[in-house]
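Student: Based on what follows, work out the 3D shape:
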Amino acid sequence: MANLYQTNQSKGGQPSNNTLRPVNSLPINDKTIIKGGNLDKLAQLRKRARVKYIQQPKIHALMSLALEKEDIEMYKGYSHTLTCASTITQQGKKLKSSYCNQRWCIVCSRIRTAKHINEYMPEFNKMIDPYFVTLTAPNVKGEALRSEIKKLLATFKSIQETARKRKNPLVGIRKIESTYNIQKDTYHPHLHIIVEGINQAKYILSEWLKKSPISDIKGQKILKADINSLAELFKYSVKEVVKDENNEENESYIDIPSLHVIYKSMRNIRTFQPIGGMKKLKATTEENEEIQLTAQEYELLEPNTDKYVWNMNDWYSMRTGEALSGYQPHASTIRMSNRIKTNKSNPNLYGHNRKKTETSG
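Tutor: Numbers count the residues shown, from 1 in each chain. From the prediction side, this is the model:
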């Protein structure tokens, strides 16, 4: 079984009672603490181990960049993510960990997305005729991104106020996110809104074009909403992987400096908000997310008291040294994680082009 610590041998070949040293290279082994009827929980833990493994180089690069720019606030935020879910405690049959609750953390983003979908699902199901609206404006350079985000939010708030004064308040959920155009080195903040009825959707679009005359009507969308629309709304605030305009078979990771621009521009800005009659369900505001994320638990078959510490690609028992999930990264995942470290020409680059098929493992 994979062991985090290796016991030093005494001269007689017997293990020493008081000396443990870390094992630098952990053996591949499918035996894990969670087994038997807990395959769903095991799969969840392995997925979490995978995203934690993948994002470590990204976080280190973001920290280095923030330090170089003497941006202490962002440096502290990035460094907090290094400790996200790094320790898992076991009490009885329960596993529990705490999380960083940062937007750039893939681990937290996935938890947050699942929670929001579940918490807003009852309200979404009450909607009679929901529509999914996308509102856009021309791309901007990095130095203008934060002000542009605030401008878009202010414009939409103005549309809400106008609708309210006309005794036809909007009902739904609003989300702002940003993508990045690698070829043009520009940023694309935009709004997604789920609202009740085609009339509200058309009203929002009409008012948007009036209040934002530089927006191209071709960039705006109105689609019938379904359950997938809710997932689309909550899935991310920053899309870190983008398509290559010249070759749709390839995808590229956004470089670290550009990711930093987006994260810093969205710092302390509320990315999503229920509007109108859409209820704020318990603990769904971003201010309360940390409490929710801390409460992630898993059930085990065998009760015990233990602590598991992250090392390389899994959590290992401080009591026995056994691996918790048994996750072993696929070769393509290792390449994905190592791209920053292996790109000597630009150590801040978060990856090169990759084929869409390199996503498993």
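Student: Only C-alpha atoms from now on, for both contacts and neighbour counts.
Tutor: Noted.
Student: Following the chain onward from the host helix or strand of Thr179, which element is next?
Tutor: Counting by DSSP states H and E, the element that carries Thr179 is strand 172-181. Per DSSP H and E, strand 172-181 leads on to strand 186-196 as the next helix or strand towards the C-terminus.
Student: And Asn168, what's its pLDDT?
Tutor: Note for Asn168: predicted pLDDT of 89.
Student: That one falls within a helix, correct?
Tutor: No. Using DSSP: H, G, I helix; E, B strand; the rest coil, the assignment for Asn168 is coil, not a helix.
Student: For it, give me phi and psi.
Tutor: Backbone dihedrals for Asn168, given as degrees, to the nearest 10, come out at phi -140, psi 60.
Student: next one: Ile269
Tutor: Torsion angles, degrees, to the nearest 10, at Ile269: phi -110, psi 130.
Student: for Cys84, same thing?
Tutor: Taking degrees, to the nearest 10 as the convention, Cys84 sits at phi -60, psi 120.
Student: roughly how far apart are it and Leu223?
Tutor: Distance from Cys84 to Leu223, counting by CA to CA, to the nearest Å: 37 Å.
Student: Between the two, which is the more surrounded one?
Tutor: More crowded of Cys84 and Leu223, by other CA atoms under 10 Å: Cys84, with 19 against 14.
Student: pretty sure that one contacts Ile106?
Tutor: No. If you go by CA atoms under 8 Å, Cys84 and Ile106 don't touch, sitting 10.2 Å apart.
Student: circling back to that earlier point, and the strand holding Thr179, what does it pack onto?
Tutor: When contacts are defined as 3 or more CA pairs under 8 Å, 6 or more residues apart in numbering; DSSP states H and E, strand 172-181 sits against strand 186-196, strand 272-275.
Student: Rounded mean pLDDT for that strand, please.
Tutor: On average, strand 172-181 scores 93.
Student: neighbouring contacts of stretch 156-174?
Tutor: Applying CA atoms under 8 Å, 6 or more residues apart in numbering, the contact partners of stretch 156-174 are 191-196, 200, 204, 207-208, 272-278.
Student: out of these, which are buried?
Tutor: 191-196, 200, 204, 207-208, 272-276, 278 (16 or more other CA atoms under 10 Å).
Student: Which of those scores worst on pLDDT?
Tutor: Scanning the buried ones among the contacts of stretch 156-174 for pLDDT, the low point is Met278. It has 76.
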